[in-house]
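**Student:** below are the sequence and a predicted model for it; my questions follow.
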Amino acid sequence: MTGNEILNQFFMANRARLLDIAAFLDRLQRAGASGDYRMESFKACLPILSDQHPDKTRRILELLSDPDPDPIDTSPGKGASGAWPGFTSGS
Amino acid sequence: MDYIEPHAHMVSRTTDDYVTLSLAGCRAVCEPAFWAGFDRSSAHGFHDYFLQLTCHEPRRAAQFGIRHFSWLCINPKESEDTVLAREVLSLIPQFLSASNVLGIGEIGLNKNTRNELEILHLHIELAARHRQLILVHTPHLEDKLKGTRLTIDALREHPDIDPARVIIDHVEEHTVKLVLDAGFWAGMTLYPQSKCSIERAVDILDCHGLERIWMNSACDWGISDPLAVPKAVQHMLARGYTRQQAVKMVWDNPVAFLSQSGRFDIHA
């Protein structure tokens, strides 16, 4: 597909997604949320969206991943949250 | 378009779903053993589950003109209890002669623990000993990248395992290249929130091609769409892929991989 075809077919759906992200951040701000590792990770991903480098999806997924290469001793539970709990804005 | 659903947990789905799948062109479903959403209290629960996968569910699917195949294992979410896991592993060989069993799966890691890794190795050894195909589940979300790397390392420790007989499922943009470059097959799971959206899955095809890769819905008891595969076909066509390329994705590729089992006869 050409760039124009992609825009014609997918711009409106992704405009809506962009607004949903903006509304999510507004909602968090109104609630006074801060410091949560999921929120910090999420915010750290945002500059990737507007940089000039390729593979944005891969880089965001990597940023949200556990960077420790070794297996852990015991399971903390079965679930996953979508962001690495050890993440800090300086990670 | 006729298609194969290579990963679906039909024991969690309704007969209405079977009707819908059949109307959409699904001719075969492949059901890996998985977590029921709760921990089973003993190995007896797994014995009954394996009977369900090898005897009951194929009969249910047949009512709707769909062939049903299964994979057997103890899933990673229940592998942390290694005593239970070893007991369940000892049950599996008696079911491997069932006519619809394709191999060992979906094995792998959940939280990337040492116990899960120990049981993963035992599953790989079991598959090697019985010359079975392997279907690997990779962990969710933040655990996926690390778990995929650990799984590939674990498989490489078994020189008798041919990567061409292993599919590593639930790949995303950060793991697909690792899997394909190591010679394994890759599965993309189409989920509304976690794993891959349909659009991203087709992006992955744009970037990595159509070889050694398939798409599945992995529909189960959670939020999932049993029609994700035919919807992905529609999206492929809208993005300019040919019908021949779509057929390769949802029929030829699953047939090529699964036929290595010697059991995948969709015309029987």
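**Tutor:** Received it, and whenever you're ready, just let me know what you need.

**Student:** what residues does the stretch 101-250 of chain B have near chain A?
**Tutor:** B:110-117, B:139-146, B:149-150, B:172-174, B:194, B:199-200, B:203, B:238-240 (Cβ under 8 Å from any Cβ of the partner chain). Every C-beta, even on glycine, is put in place using the N, C-alpha and C of the backbone.

**Student:** list the buried ones in the longest helix seen in chain A?
**Tutor:** Criterion DSSP state H: the longest helix present in chain A is helix A:3-30. Neighbour counts over helix A:3-30 (16 or more other Cβ atoms under 10 Å in any protein chain shown) mark A:L28 as buried.

**Student:** ok, the residue lying farthest from the centre of chain A - contacts?
**Tutor:** Relative to the C-alpha centroid of chain A, counting by Cα atoms, centre = their mean, A:D73 is the outermost residue, at 27.7 Å. Counting by Cβ atoms under 8 Å, 6 or more residues apart in numbering or on different chains, A:D73 makes contact with B:113-114.

**Student:** re the thing from before, of the residues of the stretch 101-250 of chain B next to chain A, buried ones?
**Tutor:** By 16+ other Cβ under 10 Å, these give B:110-113, B:115-117, B:139-146, B:150, B:172-174, B:194, B:239 as buried.

**Student:** among the residues you listed, which are in helices?
**Tutor:** Per DSSP H, the subset of these in helices is B:115-117, B:144-146, B:150.

**Student:** nearest to A:P47 among those?
**Tutor:** B:L145 (20.2 Å; Cβ to Cβ).

**Student:** ok, the closest one touching B:H174?
**Tutor:** Yes: B:L145 lies in contact with B:H174 (Cβ atoms under 8 Å); the separation is 5.4 Å.

**Student:** what do the two both touch?
**Tutor:** A:61-62, A:65.

**Student:** by neighbours, which of those wins?
**Tutor:** Greatest neighbour count in the shared contacts of B:L145 and B:H174, by other Cβ atoms under 10 Å in any protein chain shown, goes to A:S65: 22 neighbours.

**Student:** leaving out sequence neighbours, find the closest residue to it.
**Tutor:** Spatial nearest neighbour of A:S65, excluding adjacent residues (Cβ to Cβ, 6 or more residues apart in numbering or on different chains): B:L145 at 4.1 Å.

**Student:** quick one: the residue positioned nearest the centre of chain A from chain B, how far?
**Tutor:** By Cα atoms, centre = their mean, chain A has its centre lying nearest to A:F42, at 4.3 Å. If you measure A:F42 against chain B using Cβ to the nearest Cβ, to the nearest Å, the figure is 12 Å.

**Student:** what does chain A put close to chain B?
**Tutor:** Within chain A, the residues that sit near chain B (Cβ under 8 Å from any Cβ) are A:1, A:9-10, A:55, A:57-58, A:61-62, A:64-69, A:71-85.

**Student:** OK, contacts around the residue nearest to A:S65?
**Tutor:** B:L145 touches A:61-62, A:65-66, B:174-175, counting by Cβ under 8 Å, 6+ apart.

**Student:** could those go into a markdown table alongside pLDDT and distance to B:G45?
**Tutor:** Converted to a markdown table, the contacts of B:L145 look like this (pLDDT from 0 to 100; distance: Cβ to Cβ, whole Å):
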| residue | pLDDT | distance to B:G45 |
| --- | --- | --- |
| A:L61 | 98 | 35 |
| A:E62 | 98 | 38 |
| A:S65 | 98 | 33 |
| A:D66 | 97 | 31 |
| B:H174 | 98 | 35 |
| B:T175 | 98 | 31 |
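
**Student:** in JSON lines: these, plus distance to B:L190.
**Tutor:** Formatted as JSON lines, these follow (distance: Cβ to Cβ, whole Å):
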{"residue": "A:L61", "distance to B:L190": "16"}
{"residue": "A:E62", "distance to B:L190": "21"}
{"residue": "A:S65", "distance to B:L190": "21"}
{"residue": "A:D66", "distance to B:L190": "24"}
{"residue": "B:H174", "distance to B:L190": "17"}
{"residue": "B:T175", "distance to B:L190": "16"}
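
**Student:** and which of those residues is nearest B:W185?
**Tutor:** Distance to B:W185 across the contacts of B:L145 (Cβ to Cβ) is lowest for B:T175, with 13.1 Å.

**Student:** on that earlier part again, which ones among the shared contacts of B:L145 and B:H174 map onto helices?
**Tutor:** Per DSSP H, the subset of the shared contacts of B:L145 and B:H174 in helices is A:61-62.

**Student:** name the spans of the chain whose pLDDT lies under the cut-off.
**Tutor:** No chain was given, so I picked chain A. Within chain A, the stretches with pLDDT under 70 are A:90-91.

**Student:** you answered for a different chain; I wanted chain B.
**Tutor:** If you take pLDDT under 70 as the line, chain B has these spans: B:268.

**Student:** what segments of chain B are strands?
**Tutor:** Assigned by DSSP state E, the strands in chain B fall at B:3-5, B:26-32, B:67-72, B:101-108, B:133-137, B:166-168, B:185-189, B:213-216.

**Student:** now mean neighbour count too, for those strands, in a markdown table please.
**Tutor:** Shown next, in a markdown table, are the strands of chain B (neighbours: other Cβ atoms under 10 Å in any protein chain shown):
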| stretch | mean neighbour count |
| --- | --- |
| strand B:3-5 | 25 |
| strand B:26-32 | 25 |
| strand B:67-72 | 25 |
| strand B:101-108 | 27 |
| strand B:133-137 | 28 |
| strand B:166-168 | 26 |
| strand B:185-189 | 26 |
| strand B:213-216 | 26 |
